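>>> Okay, predicted coordinates and the sequence, questions at the end:
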Amino acid sequence: GQAAVITPRQVTSGLGAHRVKAIAAAKHHTVIATEGGDVFTWGSNREGQLGYTSVDTQPTPRRVSSLRSRIVAVAAANKHTAVVSASGEVFTWGCNREGQLGYGTSNSASNYTPRIVEYLKSKVFVGVATAKYHTIVLGADGEVYTWGHRLVTPRRVVITRNLKKNGSTPLKFHRKERLHVVAIAAGMVHSIAMTEDGALFYWVSSDPDLRCQQLYSLCGKKMVSISAGKYWAAAATATGDVYMWDGKQSTDKRPVATRLHGVKRATSVSVGETHLLTIGSLYHPVYPPSMPKSDKAPKLKVNDEVEEFDEECMFDDLESSSITSAHKNDSEQKAIPSLKSLCEKVAAECLVEPRNAIQLLEIADSLGADDLKKHCEDIIIHNLDYILTVSSQAFASASPDVLANLEKSLDLRSSESWSYRRLPTHTATFPVIINSEDEDSEREVLRTRNNNKNKNPLENGDRLDSFLQPKDDHNLGISKQIRALWKKLQQIEVLEEKQLSGCILDDQQIAKLQTRPTLENSLAELGVTVERSHLKGSCSILSDGKGNKMAEVSRKQRRKSKQRVSQVE
């Protein structure tokens, strides 16, 4: 183009009514694929990366007419282009000085028209990625092939987990299934692949041996999106965090990924040469289309309009008359919403977003717009982490009354019957290898999880006088009852604190408060003395070896409690 464009602008010329399905942007040109499978390119054509001849620069999108196949995936590098057809074939064109087109020699001239990679015709591919000097393709079976960096023939990248310790002894664990790659990314320094279970693997792009390794600094985190630029690579996790690492320092060292601060709820990431782009997913509910009934809101009946309509149609046949009568009966039950409610609806659908939700909440509160206020509160509470990250100054400028009401709404939601927080589980979600280095590393020994289930219950200082033993089914049942009763008492204490602070409890919560004496009597029968000051604090607890906590009650205390009961009787 003639000048830089700072703000986004729609590309309309040259595309007509075509709808874009895939897009790739490189340093000097852009490639798109439409829903119909056509390919359009524009930009610099000095190395033939646009797919047609007769022009050095194409300012507007132009169709690559020599491509007869229906294209579903595209990739653009510095001076070459690669695409994948719906039938799984791979086509490349552009600069071929490093063998990045997959045919010819390692120092071939540029190819200005698309050509199929013959070596891959027997396989079906679904994805493609390109960097300055090489190309990567992803097969439908999850296998990865690459070529370039003076190696013309495509070769398969072996992607496996590290199954060895520092020596030659293989690790025995349950994750021995074949890995299925679902995403690939090509960078000038590092190329990366993401498996179906969210694991991340990388290799040095120029390595002739294609030694692929798992990125252990991100073990335990499930990846959902990956991207690689010239030097930097990035990945987005299932929790919305973004991690990056720099491969420019040294290709010999294992990269260490660091979390990118200030980014939350990311679902997709894309890395360029000098910039990064992320797409986030925020909670934004649909504004209720049905307006709530209010006696204060003015309503306009539409009976007059219906009567005029009846006069115009009084000479129609009986069927038309019956339809009009039914329409009139329905219209009598409806009312036109007030101007205030319409303004609230427009503001909720067109203005409110997480960044300005607090400011609009203050405006809605001052104007008495209850529906808009509730809508803003819902957005703020569900996107609280995002707002605190990108717009924390909004809380500092908000009025104390608005913050107090917002805190009250958040507190009421926290007392719901179920929480969105992830509860701890006893099943390990991390790989067996916690920290791993190369096979020939001499500085660090692999640390693996101890998954031995036949552990002696008397080891690690287990109490012999405890009423609970791991192999005693009767005592195990009693301990479960105690834990359940104790948990209910703690919930009751939380409700009591809310009631003392001025919160209004509903009937169900009040009924739960009334069960406290019954719960205390049940605990007393099991030999546990309940003191209210200890509920929130720490009662004497003992781990059962599975991460659970139980009340520590000795056998002597249980005997004494039983003797007291027998004496009373």
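Arrived safely, thanks for sending.
>>> What helix or strand is A364 located in?
helix 357-367 (DSSP states H and E).
>>> which non-adjacent residue is nearest S399?
The spatially closest residue to S399, leaving aside those adjacent along the chain, is E362, at 6.1 Å (Cβ to Cβ, 6 or more residues apart in numbering). C-beta: built from backbone N, CA, C; applies to glycine.
>>> List the residues that contact that neighbour.
Applying Cβ atoms under 8 Å, 6 or more residues apart in numbering to E362 gives the contacts A398, S399, V402.
>>> distance of E520 from V271?
When distance is defined by Cβ to Cβ, to the nearest Å, E520 is 60 Å away from V271.
>>> T60 now?
Taken as Cβ to Cβ, the span from T60 to V271 is 27 Å.
>>> can you pull the buried residues of the longest helix that the chain contains?
Determined from DSSP state H, the single longest helix within the chain is helix 473-500. Neighbour-count burial for helix 473-500, counted by 16 or more other Cβ atoms under 10 Å, picks out N475, I478, S479, I482, R483, L485, W486, K488, L489, I492, L495, K498.
>>> surely the last one meets I504?
By that I understand K498. No. Checked against Cβ atoms under 8 Å, the pair K498 and I504 is beyond contact range at 9.1 Å.
>>> Which one's more surrounded, E520 and V271?
Applying other Cβ atoms under 10 Å to E520 and V271 shows that V271 carries more neighbours, namely 22 against 18.
>>> My read is that the more buried one contacts S227, right?
Yes. Applying Cβ under 8 Å, one finds V271 in contact with S227, separated by 4.4 Å.
>>> Overlap of the contact sets of the two?
A233, A234.
>>> what's the domain layout of the protein?
Domains of the chain are assigned by automatic domain parsing as 19-157, 176-281, 287-300+337-414, 301-334, 463-568.
>>> which of those domains has the lowest average pLDDT?
Sorting these by mean pLDDT places domain 301-334 lowest, at a mean of 48.
>>> what's the spacing between S65 and D38?
Shown here: S65 relative to D38, a distance of 9 Å by Cβ to Cβ.
>>> now the helices for the stretch 351-500 of the chain?
357-367, 370-382, 384-390, 393-397, 400-414, 473-500 (DSSP state H, counting those that start in this stretch).
>>> How about residues contacting the third one?
To tie it back to what came earlier, the one meant is helix 384-390. Contacts for helix 384-390 (Cβ under 8 Å, 6+ apart): 262-265, 280, 282, 354-355, 357-358, 380, 394-395, 410.
>>> how about CSV for these, with distance to S217 and neighbour count added?
CSV is the format used below for the contacts of helix 384-390 (distance: Cβ to Cβ, whole Å; neighbours: other Cβ atoms under 10 Å):
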residue, distance to S217, neighbour count
G262, 20, 8
V263, 18, 19
K264, 21, 20
R265, 22, 19
G280, 23, 17
L282, 28, 15
P354, 30, 22
R355, 32, 14
A357, 35, 23
I358, 36, 23
I380, 34, 23
A394, 34, 19
F395, 33, 15
L410, 35, 13
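>>> Of those, just say which sits nearest to A131.
V263 (24.3 Å; Cβ to Cβ).
>>> ok, back up a step: between the longest helix of the chain and helix 400-414, what angle do the directions make?
Angle of helix 473-500 versus helix 400-414, following axes from the mean of the first three to the mean of the last three Cα atoms, to 10 degrees, is 160 degrees.
>>> what's helix 473-500 packed up against?
Other elements packing on helix 473-500 under the criterion 3 or more Cβ pairs under 8 Å, 6 or more residues apart in numbering; DSSP states H and E are helix 507-513, helix 516-525, helix 532-535, strand 549-551.
>>> Is it possible to get a markdown table of the ones you listed that adds distance to P255?
Formatted as a markdown table, the helices and strands packed on helix 473-500 follow (distance: least, Cβ to Cβ, whole Å):
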| stretch | distance to P255 |
| --- | --- |
| helix 507-513 | 52 |
| helix 516-525 | 54 |
| helix 532-535 | 49 |
| strand 549-551 | 40 |
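>>> do you know which of these lies nearest D252?
strand 549-551 (47.3 Å).
>>> hang on, isn't E196 packed against I159?
No. Using Cβ under 8 Å, E196 is not in contact with I159; the gap is 11.5 Å.
>>> Overlap in contacts, those two.
L179, V181.
>>> okay, these two: which has more neighbours?
I159 (22 against 11).
>>> Who are the contact partners of the more buried one?
So I159 contacts V144, L179, V181, A193, T195, F201, C212 (Cβ under 8 Å, 6+ apart).
>>> One more: G142?
G142 neighbours (Cβ under 8 Å, 6+ apart): R178, L179, H180, V181, V182, T195, E196.
>>> Chain neighbours aside, what residue packs nearest to the last one?
Read it as E196. Closest to E196 by Cβ to Cβ, 6+ apart is H180, at 4.5 Å.
>>> The one you found: how many residues sit nearby?
12.
>>> How about R115?
Neighbours of R115 (other Cβ under 10 Å): 17.
>>> by contact count, what packs against the helix or strand hosting it?
Under the criterion of DSSP H and E, R115 resides in strand 111-116. With contacts taken as 3+ Cβ pairs under 8 Å, 6+ apart, strand 111-116 sits against strand 90-94.
>>> got the angle between the strand it packs on and strand 111-116?
170 degrees.
>>> Which secondary structure elements does strand 90-94 sit against?
Against strand 90-94 (3+ Cβ pairs under 8 Å, 6+ apart) you get strand 80-85, strand 111-116.
>>> Please identify the deepest-packed of those strands.
Most buried of those, by mean neighbour count (mean count of other Cβ atoms under 10 Å): strand 80-85, with a mean of 27.
>>> in which helix or strand would I find the residue nearest to E353 when sequence neighbours are not counted?
Distance criterion Cβ to Cβ, 6+ apart; nearest residue to E353, sequence neighbours excluded, is H284 at 7.3 Å. Using DSSP H and E, H284 sits in no helix or strand.
>>> Could you give the number of residues near H284?
Neighbours of H284 under the rule other Cβ under 10 Å: 17.
>>> likewise V286?
Neighbours of V286 under the rule other Cβ under 10 Å: 8.
>>> and it, what are its phi and psi?
Main-chain dihedrals, V286, degrees, to the nearest 10: phi -80, psi 130.
>>> residue nearest the centroid of this structure?
Centrality entry for the chain: nearest residue to the mean C-alpha point is A238, 3.7 Å, by Cα atoms, centre = their mean.
>>> Who are the contact partners of the nearest residue to it once chain neighbours are set aside?
Leaving aside its sequence neighbours, A238 sits nearest to K222 (Cβ to Cβ, 6+ apart; 4.3 Å). Taking Cβ under 8 Å, 6+ apart as the contact definition, K222 lies against D197, G198, T237, A238.
>>> before we move on, the earlier item: out of the contacts of I159, which sit inside strands?
Applying DSSP state E to the contacts of I159, the entries found in strands are V144, V181, A193, T195, F201.
>>> Distance to L138 and neighbour count for these - can I get that in a markdown table?
Below are these laid out as a markdown table (distance: Cβ to Cβ, whole Å; neighbours: other Cβ under 10 Å):
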| residue | distance to L138 | neighbour count |
| --- | --- | --- |
| V144 | 6 | 24 |
| V181 | 6 | 20 |
| A193 | 8 | 24 |
| T195 | 11 | 18 |
| F201 | 13 | 22 |
